[in-house]
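Build the 3D model from these lines:
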Amino acid sequence: MPRYMDSACYPVIFANGEETAAILDAHRFDLVFYTGSSRIGSLIYQAAAKHLTPVVLELGGKNPVWLDDTADLQIAAKRIMWGKCTNTGTTGSI
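Take a look at the predicted model:
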């Protein structure tokens, strides 16, 4: 993500559930975007709720999407829907 977005404005944090809860307790954020398991997502949602922080949860799938103002929305919409509808949005390795 640092290649496409300013890391000072949009920090990306890799942490386990306990570390994430501690970070959310210690710092305020404008928005939390989480992709991963529903168990950890629930912990993140609860911790963020203490500060009324909005949360986007993308749980269990592999379909997070970020579009900027240079995207061709027609093409992006078709490609996103293809990814969402292929195997009901769940694709894995064999």
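
distance between the ends of stretch 27-34?
End-to-end distance for stretch 27-34: 16 Å, by Cα to Cα, to the nearest Å.

Could I get the buried residue list for that stretch?
Neighbour-count burial for stretch 27-34 flags 32, 34 (criterion: 16 or more other Cβ atoms under 10 Å). Any C-beta I mention is one placed from the backbone N, CA and C, and that applies to glycine too.

Strands of the chain, residue ranges please.
32-36, 55-59 (DSSP state E).

The first one pairs with which strands, parallel or anti?
For strand 32-36, the paired strands and their directions (DSSP bridges) read strand 55-59 (parallel).

Quick check: phi and psi on Pro11?
phi -70, psi 140 (degrees, to the nearest 10).

That one: neighbour count?
12 (other Cβ atoms under 10 Å).

and if you look at Lys78?
11.

again, but for Ala15
12.

go on, Cys9?
7.

From Glu18, how far out is it?
Distance check for Cys9 against Glu18: by Cβ to Cβ, to the nearest Å, it reads 26 Å.

One more: Glu58?
21 Å.

And for Val65?
Taken as Cβ to Cβ, the span from Val65 to Glu18 is 28 Å.

tell me the domain boundaries of the chain?
Listed domain ranges for the chain are 1-60, 64-94 (source: automatic domain parsing).

okay, and for the protein, where does confidence drop off?
For the chain, the stretches with pLDDT under 70 are 60-63, 87-94.

can you do 50?
89, 93-94 (pLDDT under 50).

Comparing Glu58 and Glu18, which shows the higher neighbour count?
Higher neighbour count among Glu58 and Glu18: Glu58, with 14 against 10, using other Cβ under 10 Å.

Isn't Val12 up against Met1?
Yes: at 5.3 Å, Val12 counts as touching Met1 under the criterion of Cβ atoms under 8 Å.

that older thread, can you lay out the strands of the chain as a markdown table showing distance to Met5?
Formatted as a markdown table, those follow (distance: least, Cβ to Cβ, whole Å):
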| stretch | distance to Met5 |
| --- | --- |
| strand 32-36 | 12 |
| strand 55-59 | 15 |
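
Spell out the residue ranges of the helices in this structure.
17-26, 38-49, 73-85 (DSSP state H).
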